[in-house]
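1. coords below, sequence missing:
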């Protein structure tokens, strides 16, 4: 079945460092890909998405490119801030049905130190 | 602008007790979902409802039942709670042909079974 694999955390960075969180997937059909962010004590919020190969999603300085050839959707940010500390989830939509179900990776905790 | 609202936010149950988690969305979405979040495992789908009047099992349905009461509301019931059901539960919704559409999450319900 479809699945998502994220790099294990936690990831600890200093403020203004470059961030990469790796995400790879296996899927049948043509899924859409998402990054969600969860701040402490809160629900998940959509950070960015891409619906087809070579699309780049971007938001709040984060970006990720849908790479079909490497089945990847890595999250990047050029200069992280303390306020970016959160758990980041990569997800794909279930492309084999029209139910909108999401399949999530296990999440990567990011801690940014001043 | 409420979005997806879940109640209760926190609950402690004794093994064998029953309870219902309530969820309502005010975005006129067709599809609704219940996920559970456990450390290191991301979010796993318990049940979903692709449209009013239909419900289907997700990845981890055992020990749960759901009711899609109307288009707005989708409840999750634990008939006989077990310690393995200690988790954070998220309700979510999305609209129309949901491939690629954004899924909106509630703020979560923290459930502890002792």
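-> Received the coordinates, thanks. Bear in mind that the values here come from a model prediction, so they are computed numbers and not experimental data.
2. where along the chain do the strands fall?
-> Here I'm looking at chain A. A:3-6, A:11-14, A:19-21, A:23-26, A:33-38, A:44-50, A:56-59, A:62-65, A:75-77, A:86-93, A:102-104, A:108-113 (DSSP state E).
3. if you could check chain B rather than the one you did, that'd help
-> Under the criterion DSSP E, chain B contains strands at B:4-7, B:10-13, B:19-25, B:31-37, B:43-49, B:56-57, B:64-68, B:74-78, B:87-94, B:104-105, B:109-113.
4. Adding mean pLDDT and distance to residue A:9 as columns, could you present these in JSON lines?
-> Every residue, glycine included, has its C-beta placed from N, CA and C. Shown next, in JSON lines, are those (pLDDT from 0 to 100; distance: least, C-beta to C-beta, whole Å):
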{"stretch": "strand B:4-7", "mean pLDDT": "95", "distance to residue A:9": "26"}
{"stretch": "strand B:10-13", "mean pLDDT": "96", "distance to residue A:9": "26"}
{"stretch": "strand B:19-25", "mean pLDDT": "97", "distance to residue A:9": "28"}
{"stretch": "strand B:31-37", "mean pLDDT": "95", "distance to residue A:9": "15"}
{"stretch": "strand B:43-49", "mean pLDDT": "94", "distance to residue A:9": "16"}
{"stretch": "strand B:56-57", "mean pLDDT": "95", "distance to residue A:9": "30"}
{"stretch": "strand B:64-68", "mean pLDDT": "97", "distance to residue A:9": "29"}
{"stretch": "strand B:74-78", "mean pLDDT": "98", "distance to residue A:9": "29"}
{"stretch": "strand B:87-94", "mean pLDDT": "94", "distance to residue A:9": "18"}
{"stretch": "strand B:104-105", "mean pLDDT": "90", "distance to residue A:9": "20"}
{"stretch": "strand B:109-113", "mean pLDDT": "96", "distance to residue A:9": "21"}
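5. Now distance to residue A:38 too, for these, in a markdown table please.
-> Formatted as a markdown table, the strands of chain B follow (distance: least, C-beta to C-beta, whole Å):
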| stretch | distance to residue A:38 |
| --- | --- |
| strand B:4-7 | 14 |
| strand B:10-13 | 17 |
| strand B:19-25 | 18 |
| strand B:31-37 | 9 |
| strand B:43-49 | 9 |
| strand B:56-57 | 25 |
| strand B:64-68 | 22 |
| strand B:74-78 | 20 |
| strand B:87-94 | 10 |
| strand B:104-105 | 9 |
| strand B:109-113 | 13 |
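6. Save the ones you listed as JSON lines, and put in distance to residue A:3 and mean neighbour count too.
-> As requested, the strands of chain B are exported to JSON lines (distance: least, C-beta to C-beta, whole Å; neighbours: other C-beta atoms under 10 Å in any protein chain shown):
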{"stretch": "strand B:4-7", "distance to residue A:3": "26", "mean neighbour count": "18"}
{"stretch": "strand B:10-13", "distance to residue A:3": "31", "mean neighbour count": "14"}
{"stretch": "strand B:19-25", "distance to residue A:3": "26", "mean neighbour count": "19"}
{"stretch": "strand B:31-37", "distance to residue A:3": "16", "mean neighbour count": "26"}
{"stretch": "strand B:43-49", "distance to residue A:3": "12", "mean neighbour count": "22"}
{"stretch": "strand B:56-57", "distance to residue A:3": "18", "mean neighbour count": "14"}
{"stretch": "strand B:64-68", "distance to residue A:3": "22", "mean neighbour count": "18"}
{"stretch": "strand B:74-78", "distance to residue A:3": "24", "mean neighbour count": "20"}
{"stretch": "strand B:87-94", "distance to residue A:3": "19", "mean neighbour count": "24"}
{"stretch": "strand B:104-105", "distance to residue A:3": "21", "mean neighbour count": "21"}
{"stretch": "strand B:109-113", "distance to residue A:3": "26", "mean neighbour count": "18"}
